[in-house]
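1. Sharing a sequence plus its predicted fold:
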Amino acid sequence: MIQKILRTLLLAISVLCAYLLISLLEGWILDQPKSLGPELATLIGMTMIVFLFVPLFAWMDTASQNMVQAVSRIFSGSFGRTGFYIFLFATLGILYLIYLYMWFNVRLI
C-alpha cells in the first residue's frame, strides 16, 4: 500500500515537472513566429512535446520504482520513512512555489 502511494506521489511530481518544461517550451514557441513563421513554429513545438512526453511516460514507471528504492535506502539510515515523506512533500512544496510564481508572479519566499 505504501509503495503505491509513493509511486503515485512520484508520478504527480513527474507530471508537474513535465508540465513546467512544456510551459517553458510554450513560451519559446510563442516567440518564434516572428522569425520562423507560425506554421513552422507550431510544427516544431508539437514535435518537441511528443519527444518530451513519450519517453517521459515510458521511462516513468521504471524510474519511479528505482527512485522509491533508492530514496528508501538513503533515508532509512538517517530519518526512516518520515524522512522520505518529508522529501516528497518538500518537493511538492517547491513545485507549488514555482507554479505560484509562474502563473501569478507571487513569491512567498
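-> Now that the structure is in, tell me what you want to look at.
2. Could you list the low-confidence segments of this protein?
-> Where the chain drops to pLDDT under 70, the residues are 1-3, 61, 71-72, 75-80.
3. how about residue 106, secondary structure?
-> Following DSSP: H, G, I helix; E, B strand; the rest coil, residue 106 is assigned to coil.
4. Pull the contacting residues for the residue lying closest to it once chain neighbours are set aside.
-> Nearest non-adjacent residue to residue 106, counting by C-beta to C-beta, 6 or more residues apart in numbering: residue 100, 5.2 Å away. C-beta: built from backbone N, CA, C; applies to glycine. By C-beta atoms under 8 Å, 6 or more residues apart in numbering, the contact list for residue 100 reads 106, 107, 108.
5. Look up how far residue 37 lies from residue 58.
-> Going from residue 58 to residue 37 by C-beta to C-beta, to the nearest Å gives 32 Å.
6. Throw the contacts of residue 100 into CSV and include distance to residue 50, thanks.
-> Listed next are these as CSV, based on distance: C-beta to C-beta, whole Å:
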residue, distance to residue 50
106, 32
107, 33
108, 34
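7. Out of the residues you listed, which is nearest to residue 82?
-> Closest approach between the contacts of residue 100 and residue 82, by C-beta to C-beta: residue 108, at 24.4 Å.
8. Which residue, other than its chain neighbours, is closest to the closest one?
-> Nearest residue to residue 108, sequence neighbours excluded (C-beta to C-beta, 6+ apart): residue 97, at 6.1 Å.
9. Mind telling me what element that neighbour is part of?
-> Using DSSP states H and E, residue 97 falls within helix 80-104.
10. Okay, buried residues for that helix please.
-> Buried residues in helix 80-104, counted by 16 or more other C-beta atoms under 10 Å: 83, 84, 85, 88, 91, 95.
11. Check the residues you listed and tell me the two furthest apart.
-> Checked with C-beta to C-beta, the buried residues of helix 80-104 reach their widest spread between 83 and 95, with 18.8 Å between them.
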